[in-house]
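Student: Give me a model of this one.
(one chain, ligands or ions: 2)
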Amino acid sequence: HPSIVFDNVVFGYDPGRTILHGLSFEVPAGSRVAIVGPSGAGKSTIGRLLFRFYDPLAGRILIDGQDISGVTQASLRAAIGIVPQDSVLFNDTIGYNIAYGREGADAAAVEEAARGAAIADFIARLPQGLDTEVGERGLKLSGGEKQRVAIARTLVKNPPILLFDEATSALDTRTEQDILHTLRAVAANRTTLSIAHRLSTIADSDVILVLDQGRLAEQGSHADLLRAG
Ligand code: ADP
Ligand code: ADP
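Tutor: Ligands and ions are numbered 1, 2, ... in the order given. Modelled structure (predicted):
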């Protein structure tokens, strides 16, 4: 499993307005790290830098020890599976949506894969909580069901790194608890970075980093942070 390292990363979108002020942290290989902080702290910016939508102004980002400034966006997309807040599904079958996760933009390949045994097998072997009716259509699903399909669509690529970007923020509390349970199961032993604005949704991470205005304010386990108030 690859590790993720942010080494003194400085970034801003606009000249004269720094968003990340020399941010350093590590997600050790196979561990689960969460970044929590108020809106505007710079959390989503971290995800955008990981996919190289932008590059740091100073400092380095390393994946598996390699500076990603020399890595293509396509390779990064292959290595990092993202579960975003509002997953958009195709109004097609669940099989099609999951096949899309593996085949990408080639519609003919997706059609073929959706009918093939590999996708059906993959769905049959998903952890409990991700079992879905292959033939059901995406747009008829509830928010929680859609999120389950989105998780499966991400997992079908077997990405060594997972990025949960407010993955449960749009769900009601009950559904959120169900999906968190599922995310725990799929994240086991993978390098996982979770981004959230509420501490309760990332409580079981190995380390929680509190980001405030582009700087690390605190870090520790959930229990450490509760003790610190
Ligand atoms: P968070 O995810 O913690 O809410 P963001 O990373 O989205 O924070 O944003 C951090 C700061 O960067 C905010 O002040 C936001 O207004 C600013 N910002 C985000 N995206 C852009 C952009 N594309 N152009 C300029 N400023 C941006
Ligand atoms: P693929 O690139 O294989 O089609 P997806 O269908 O999962 O993968 O598309 C999601 C892609 O869109 C991610 O790989 C990433 O590049 C980008 N993306 C989507 N949401 C976000 C987000 N919240 N933050 C950063 N990147 C995102």
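
Student: With adjacent residues omitted, what lies nearest to the residue nearest in space to the middle of the chain?
Tutor: For the chain, the residue nearest the mean C-alpha position is Leu163 (1.9 Å; Cα atoms, centre = their mean). In this structure, Leu163 finds its nearest non-sequential neighbour in Ile82, 4.6 Å apart by Cβ to Cβ, 6 or more residues apart in numbering. C-beta coordinates here come from the backbone N, C-alpha and C atoms, glycine included.

Student: so that neighbour sits in a strand?
Tutor: Yes. Under DSSP: H, G, I helix; E, B strand; the rest coil, Ile82 falls within a strand.

Student: Cross-check the contact I'm expecting between it and Phe53.
Tutor: No. Using Cβ atoms under 8 Å, Ile82 is not in contact with Phe53, being 11.9 Å away.

Student: Would you mind telling me which of those two has more residues around it?
Tutor: Ile82 (19 against 11; other Cβ atoms under 10 Å).

Student: need the helix or strand of this structure with the lowest average pLDDT.
Tutor: Least confident element among the helices and strands of the chain, by mean pLDDT, DSSP states H and E: helix 117-124 (a mean of 83).

Student: can you give me the angle the helix or strand following that one makes with helix 117-124?
Tutor: Following helix 117-124 in sequence order, the next helix or strand is helix 143-155 (DSSP states H and E). For helix 143-155 against helix 117-124, the angle by axes from the mean of the first three to the mean of the last three Cα atoms, to 10 degrees is 130 degrees.

Student: Give me the helices and strands touching helix 143-155, please.
Tutor: In terms of contacts (3 or more Cβ pairs under 8 Å, 6 or more residues apart in numbering; DSSP states H and E), helix 143-155 is packed against strand 80-83, helix 94-103, helix 173-187.

Student: a markdown table for those, including mean pLDDT and distance to ligand 1?
Tutor: A markdown table is the format used below for the helices and strands packed on helix 143-155 (pLDDT from 0 to 100; distance: least, Cβ to the nearest ligand atom, whole Å):
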| stretch | mean pLDDT | distance to ligand 1 |
| --- | --- | --- |
| strand 80-83 | 94 | 14 |
| helix 94-103 | 89 | 24 |
| helix 173-187 | 87 | 19 |
